[in-house]
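[1] Provide a 3D model corresponding to the input given below.
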Amino acid sequence: MNSHADWARALQDAFRDAGSLAAYLDWPLPNHVSDTYPVLIPRRLAAQIKAAGPHSALARQFLPHEAELRPEGLVDPIGDQAHAKTPQLVHRYGNRALLLPTTVCPVNCRYCFRKNELQDGTFGAAREDTLAYLAAHPEIEEVIFTGGDPLILSDDKLDGWLSALGALPHVKWVRFHTRVPVVLPERLTPELAALFKRHRTRFDGILLVVHTNVAEEWDGHARARIREFRDGVEWLSQSVLLREVNDNVAALETLLRQLVADGVRPYYLHHPDDVRGGRHFCLSRDEGAALYRTLRQRLPGWALPQYVVETPAGGGKEPAFQAR
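    Below you'll find the predicted structure:
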């Protein structure tokens with residue numbers, strides 16, 4: 001069994017143009033939108049979208065929409081660029097830094113806060129400069145892999161990054177933010193699990209934060225993979241509150257209960273960012289707070305994510321909910 005070939009083939013066979021995707025779904029799609037914001041959807045996910053229907057939460061997250069071409073919104077909605085120390089490192093908080101080792105994702109989410117920056121070359125390769133900066137800043141205790149999706153990297157490249165970070169005595173934790181478990185579960189291979197387990201001895205913790213917004217994203221195969229992939233890593237989740245996707249209590253509660261059942265601790269619920277091409281997903285803070293208040297009544301505190309917002313000023317995450 002060649003598990004690398006399985007996930008590499010699944011990514012290679014993904015839909016990459018609106019025309020072929022529309023033919024598969026048998027639905028009309030605005031092809032011209034993908035000239036600005038390209039389509040990328042693995043076939044497993046495309047099958048889930050087709051089964052869910054054109055007005056589903058899945059379709060709204062991943063299919064091109066005319067509203068993406070509206071000019072309102074920000075290219076850098078959370079102020080990353082002001083804190084970029086190299087083309088692949090953002091140091092906003094004192095004791096932790098964001099590492100972007102790739103700009104490639106296994107899927108193109110239509111609400112992504114980096115959907116403009118990943119297209120225009122803002123981020124790029126700078127491995128030696130990045131490692132030199134990290135070595136020179138002993139206050140950095142945690143390195144957070146983001147992107148792109150860091151689990152798209154080969155095992156060899158991940159091994160190289162973890163080895164380099166493991167040689168820095170001040171780096172205590174590494175964290176990976178990823179969409180892979182939902183959209184490309186084939187990537188959660190025994191070899192990848194062994195790699196993390198081997199490096200776990202060097203760090204105080206390796207954390208995998210799965211980005212997921214609705215329970216419908218998970219099929220039985222993906223849930224089984226994540227339950228099996230727990231030796232040596234801790235699983236957390238992050239979600240984005242999106243209009244007409246998960247902006248109702250039932251959808252959020254179902255997702256959070258499922259995550260807890262599968263051994264994933266809810267971590268962040270992000271208020272949507274004011275990204276150009278994604279404003280149609282936005283809702284007000286008051287709407288979000290009302291949903292969150294109801295969730296607090298229905299779920300125990302340990303099953304609730306933090307509801308947070310980031311501002312264009314680049315100051316980082318702030319609580320989006322104030323108790324009253």
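[2] switch to C-alpha atoms for all contacts and neighbour counts from now on
    Fine.
[3] Can you show me the helices along the stretch 201-324 of the chain?
    Using DSSP state H, counting those that start in this stretch, the helices of the stretch 201-324 of the chain run over residues 220-228, 249-261, 285-298.
[4] any idea how far Leu242 is from Gln297?
    Between Gln297 and Leu242 the computed distance is 21 Å (CA to CA, to the nearest Å).
[5] ok so, going back, output the helices of the stretch 201-324 of the chain as JSON lines; include the columns mean neighbour count.
    Formatted as JSON lines, the helices of the stretch 201-324 of the chain follow (neighbours: other CA atoms under 10 Å):
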{"stretch": "helix 220-228", "mean neighbour count": "15"}
{"stretch": "helix 249-261", "mean neighbour count": "18"}
{"stretch": "helix 285-298", "mean neighbour count": "15"}
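[6] Can you convert these into a markdown table and add a column each for mean pLDDT?
    Listed next are the helices of the stretch 201-324 of the chain as a markdown table, based on pLDDT from 0 to 100:
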| stretch | mean pLDDT |
| --- | --- |
| helix 220-228 | 93 |
| helix 249-261 | 98 |
| helix 285-298 | 96 |
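[7] So which of those helices is nearest Thr36?
    helix 285-298 (28.9 Å; CA to CA).
[8] how far does the closest one sit from the chain's center?
    Here helix 285-298 is found 23 Å from its chain centre; the criterion is CA atoms, centre = their mean, to the nearest Å.
[9] The helix or strand bottoming out on mean pLDDT in the chain: what's the following helix or strand?
    Least confident helix or strand, the chain: helix 117-120 with a mean of 70, by mean pLDDT, DSSP states H and E. Downstream of helix 117-120, the next assigned helix or strand under DSSP states H and E is helix 127-135.
[10] What's the first helix or strand after that next one?
    The helix or strand immediately downstream of helix 127-135 is strand 142-145, counting by DSSP H and E.
[11] For that following strand, name the packing helices and strands.
    Applying 3 or more CA pairs under 8 Å, 6 or more residues apart in numbering; DSSP states H and E, one finds that strand 142-145 makes contact with strand 96-99, strand 173-178.
[12] Walk me through which strands that strand pairs with, and which way each runs.
    Its sheet considered, strand 142-145 pairs with strand 96-99 (parallel), strand 173-178 (parallel) by DSSP bridges.
[13] Now do it: everything it contacts.
    Under the criterion CA atoms under 8 Å, 6 or more residues apart in numbering, residues 95-101, 171-177 lie in contact with strand 142-145.
[14] for this structure, what spans make up the strands?
    Secondary structure of the chain (DSSP state E): strands at 84-86, 89-93, 96-99, 142-145, 173-178, 205-211, 234-240, 265-270, 306-310, 317-319.
[15] residues in contact with stretch 11-29?
    Outside stretch 11-29, the residues within contact range by CA under 8 Å, 6+ apart are 30-31, 34, 38-43, 46, 50, 54, 63-65, 106, 184.
[16] where's the closest residue to Gly53 other than its chain neighbours relative to Pro138, distance?
    Take Gly53 and drop its neighbours on the chain: the residue closest to it by CA to CA, 6 or more residues apart in numbering is Ala59, 7.0 Å away. With distances taken as CA to CA, Ala59 is found 44 Å from Pro138.
[17] neighbour-wise, which of these two wins?
    Set Ala59 next to Pro138 and count neighbours by other CA atoms under 10 Å: Ala59 wins out with 20 against 13.
[18] Next one: that one, what pLDDT does it get?
    Looking at Ala59, its pLDDT reads 98.
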